[in-house]
Every structure is written in C-alpha cells, then in structure tokens.
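[1] from the sequence below, what's the structure:
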Amino acid sequence: MKLKELKMIDVQFLGLINATLQAATLLFIAALGELIAEKSGVLNLGVEGMISIGAVSGFITAINTENLFLSILVGIVSASLFSSIHAFVTVILKQDQTVSGLILTILGLSLSSLIGKKYVGKKLNTKLEGVFDIENPSNILEIILGQNIIFYIAIILMIVTAFVLKRTMFGRRIEAIGEDLKSADSMGLKIGKTQFIATCVGGAFAGLSGVYLTLSYVPYWTDGMTSGRGWIALALVIFGGWKPYRTAFGALLFGFLEALGPRLQTYGFEMSPYIVKITPYVITIIVLILLTIFKNGDTGAPKNIGIPFFRENR
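    Below you'll find the predicted structure:
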C-alpha cells in the first residue's frame with residue numbers, strides 16, 4: 001500500500017475518532033441527566049424536547065449576545081425550567097409519567113420550532129472551540145486535547161455523579177427513593193422534593209447537551225435537528241444499567257455508530273445509513289434479552305421507576 005493511501009486512511013480514522021467523541025459527548029450528557037432523574041424514580045420521556053429547548057435558547061442567545069458563557073447558562077436554565085413542568089405534573093400532581101414525558105417531547109419540539117423560526121439559516125459568529133488550538137491532530141491524544149470545554153465538563157459530571165450517587169447522603173437518598181418509596185417515606189425522606197430536584201437536574205443536563213448541539217456539534221439552528229438523539233439517550237440509560245461509567249461506555253459505542261453512518265461509503269461499504277441509526281435500539285433490546293436470560297431480568301433499573309407515591313397507600 002502506498003504511503004499516500006496510508007496517510008489517507010490515517011486521516012479518515014482520526015476523523016472518525018473525533019466525530020465519535022463529539023457524538024458521544026452529546027448523547028452522554030443527556031443520558032446522564034436522565035439517569036439521575038430515573039434513579040429517583042421519575043421516568044422522563046421528554047429528553048428530546050428538553051434538548052431542543054436548550055439548543056434553540058442557547059443558539060438564540062449566542063446570536064444576539066455572542067457571549068458563549070451566557071449562551072450555555074441560558075440553555076441549561078431554560079431546559080431545567082422546562083423539565084420542571086414534568087416534575088410538577090408527575091411529582092406534585094402525581095399524574096402518569098409516560099404521558100407527561102411524551103407531551104413534554106411534543107411541546108418542546110413545537111415550542112423550539114416556533115421560537116427559532118426567525119433564526120433558521122442564521123450564521124453563528126462565535127462557537128465553542130477546542131480548549132487547545134490543534135488544527136491538524138496527528139494522534140488520538142491531540143484529538144482528545146482538541147475537544148471543547150463541554151467535553152471535559154461531561155467527564156467531570158460523570159465522575160461527580162458517580163461519586164454523589166454512591167458516596168454522599170443525598171445520592172443515597174435518591175437511590176433509596178427510587179428503590180422503595182414506602183421505606184424511604186417511613187425514614188422521613190422528602191420524596192417529592194428529592195424527585196423534583198432530580199428531574200430539574202436531569203433537564204439541566206439535557207439543556208447542556210442541546211447547547212453543545214448548536215454551539216459546537218452542528219453550529220446552526222433548524223427544525224428537528226435533535227434527530228431522535230433524546231430517544232437514543234433514553235436507550236443509553238438502559239444499556240448502561242443505570243450506572244454512569246457503563247453509560248459512558250455505551251455513549252462511546254452509540255457515538256461511534258452515529259459517526260460511522262455518513263462514512264460507510266467512504267470505507268467502501270454499501271449499507272443504508274438507516275440501518276446504522278436503528279442499531280443502538282437493537283443493541284439495547286439484545287442487552288435486555290441477555291439480562292433476562294442470565295440475570296433473571298435484573299436490568300439494574302430502580303424498582304419504583306415511573307410509579308407515583310401516595311402516602312395514604314402506605
């Protein structure tokens with residue numbers, strides 16, 4: 001094989017690694033937020049809508065202010081406030097979590113489309129750049145160092161979340177509530193308050209994912225640009241067994257599949273990109289089947305996920 005061809009393969013491989021890390025960052029942050037909400041027993045199917053709200057609000061702020069810090073903050077806060085609708089309906093009013101989450105997705109996509117209508121096609125003058133200025137990375141380390149600040153924030157969030165859930169009283173309260181609502185209530189834990197906070201934190205994470213989408217991954221705004229990533233994030237939580245580190249591994253795998261899709265023909269494979277898009281869901285189903293066979297159906301899901309708590313039922 002000629003030297004020129006080797007260099008071409010090397011460049012393509014490094015490009016695939018870079019795209020994998022970017023796609024994984026986007027998916028992982030949203031999945032980590034959903035993991036926190038579900039650990040408290042709240043199922044939020046509105047991830048797609050929350051990502052969209054964070055994406056459009058962050059983009060609009062960046063267009064009008066060119067202040068990236070403010071744009072990130074606005075995206076996070078707006079998605080968190082949006083998720084509080086789900087928290088109010090399910091935790092306070094104790095309505096069906098599945099229905100509320102689906103409505104949140106529909107509302108989020110519709111609202112973001114309405115808000116961002118005037119900003120479709122507008123050019124972003126400032127976007128998130130790499131922490132280290134590396135124009136032509138020649139190895140994997142340089143690719144990692146060339147990622148932007150949100151990539152490193154995602155790593156920090158993973159470590160902090162794992163620590164909080166396992167090593168702090170607040171994390172143990174979240175897990176206790178998600179596992180057994182009646183026992184948690186008998187111990188005096190504030191179930192409603194904890195679930196409300198966990199849901200809003202999950203929304204904030206989805207907002208950060210949305211900001212990353214429009215300020216870095218695809219630096220523009222158009223309708224439907226979330227492209228089902230919220231649903232992949234939901235599948236990712238299941239794939240990761242509700243554990244931050246396993247979810248991170250799953251994000252890399254799913255991110256690789258997303259990055260690989262547009263490059264299949266480049267590598268000489270004639271395969272429909274739609275097949276690659278459905279692969280994360282197929283993998284999740286296979287994992288669930290394997291867990292059912294080898295672990296008697298123990299997926300690691302919180303026992304009381306999706307179940308509202310009524311004190312009078314104790």
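[2] list the buried ones in the strand or helix carrying residue 31?
    In the assignment (DSSP states H and E), residue 31 maps to helix 3-39. By neighbour count on 16 or more other C-beta atoms under 10 Å, the buried set for helix 3-39 is 14, 16-39. C-beta coordinates here come from the backbone N, C-alpha and C atoms, glycine included.
[3] which stretches of the chain have low pLDDT?
    For the chain, the stretches with pLDDT under 70 are 1-9, 264-271, 273, 297, 312-314.
[4] list the buried residues of stretch 168-184.
    Neighbour-count burial for stretch 168-184 [16+ other C-beta under 10 Å]: 171, 173, 174, 175, 176, 177, 178, 179, 180, 181, 184.
[5] so what does the third one look like in phi/psi?
    This points to residue 174. phi -60, psi -50 (degrees, to the nearest 10).
[6] any idea how far residue 39 is from it?
    5 Å (C-beta to C-beta, to the nearest Å).
[7] what do you get for the last one?
    As for residue 184, its distance to residue 39 is 12 Å (criterion: C-beta to C-beta).
[8] before we move on, what about the second one?
    Separation of residue 173 from residue 39 (C-beta to C-beta): 10 Å.
[9] apart from its neighbours in sequence, what residue is nearest residue 139?
    Leaving aside its sequence neighbours, residue 139 sits nearest to residue 14 (C-beta to C-beta, 6 or more residues apart in numbering; 7.6 Å).
[10] which SSE is the residue lying closest to residue 24 once chain neighbours are set aside in?
    Residue nearest to residue 24 in three dimensions, not counting chain neighbours: residue 255, with 3.0 Å by C-beta to C-beta, 6+ apart. If you go by DSSP H and E, residue 255 is part of helix 244-260.
[11] I'd like the next helix or strand past that helix.
    Next in sequence after helix 244-260, counting helices and strands by DSSP H and E, comes helix 273-294.
[12] most widely separated two among the buried residues of stretch 168-184?
    Using C-beta to C-beta, the two most remote members of those are 171 and 181, lying 17.0 Å apart.
[13] quick one, what contacts the residue sitting nearest the centre point of the chain?
    A centroid search over the chain (C-alpha atoms, centre = their mean) returns residue 30, at 1.5 Å, as the residue closest to the centre. Contact analysis of residue 30 by C-beta atoms under 8 Å, 6 or more residues apart in numbering lists 47, 50, 51, 205, 206, 209, 229, 230, 233.
[14] try it again at 6 Å.
    47, 51, 206, 209, 233 (C-beta atoms under 6 Å, 6 or more residues apart in numbering).
[15] just the helices from the stretch 101-250 of the chain, written as ranges.
    140-145, 149-167, 169-179, 181-186, 191-212, 229-239, 244-260 (DSSP state H, counting those that start in this stretch).
[16] in TSV: the ones you listed, plus distance to residue 118.
    Putting these into TSV (distance: least, C-beta to C-beta, whole Å) gives the following:
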stretch	distance to residue 118
helix 140-145	36
helix 149-167	26
helix 169-179	40
helix 181-186	45
helix 191-212	18
helix 229-239	24
helix 244-260	29
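[17] select, out of those, the one closest to residue 90.
    Proximity to residue 90, assessed across those by C-beta to C-beta, is greatest for helix 191-212 (7.7 Å).
[18] and that closest one, which residues are buried?
    Buried residues in helix 191-212, counted by 16+ other C-beta under 10 Å: 191-192, 194-212.
[19] quick one, phi/psi of the nearest residue to residue 38 once chain neighbours are set aside?
    The shortest distance from residue 38 to any non-neighbouring residue, by C-beta to C-beta, 6+ apart, is to residue 305 (5.4 Å). Here is the backbone geometry of residue 305 (degrees, to the nearest 10): phi -60, psi 130.
[20] could you report the neighbour count for residue 305?
    Using other C-beta atoms under 10 Å, residue 305 has 17 neighbouring residues.
[21] wait, it sits on residue 40?
    No: at 8.9 Å, residue 305 does not count as touching residue 40 under the criterion of C-beta atoms under 6 Å.
[22] make sure I have this right: residue 301 is in a helix.
    No: counting by DSSP: H, G, I helix; E, B strand; the rest coil, residue 301 is not found in a helix; it is coil.
[23] just give the closest residue to it, not the sequence neighbours.
    residue 242 (6.1 Å).
[24] how many neighbours does that neighbour have?
    Residue 242: 22 neighbours (other C-beta under 10 Å).
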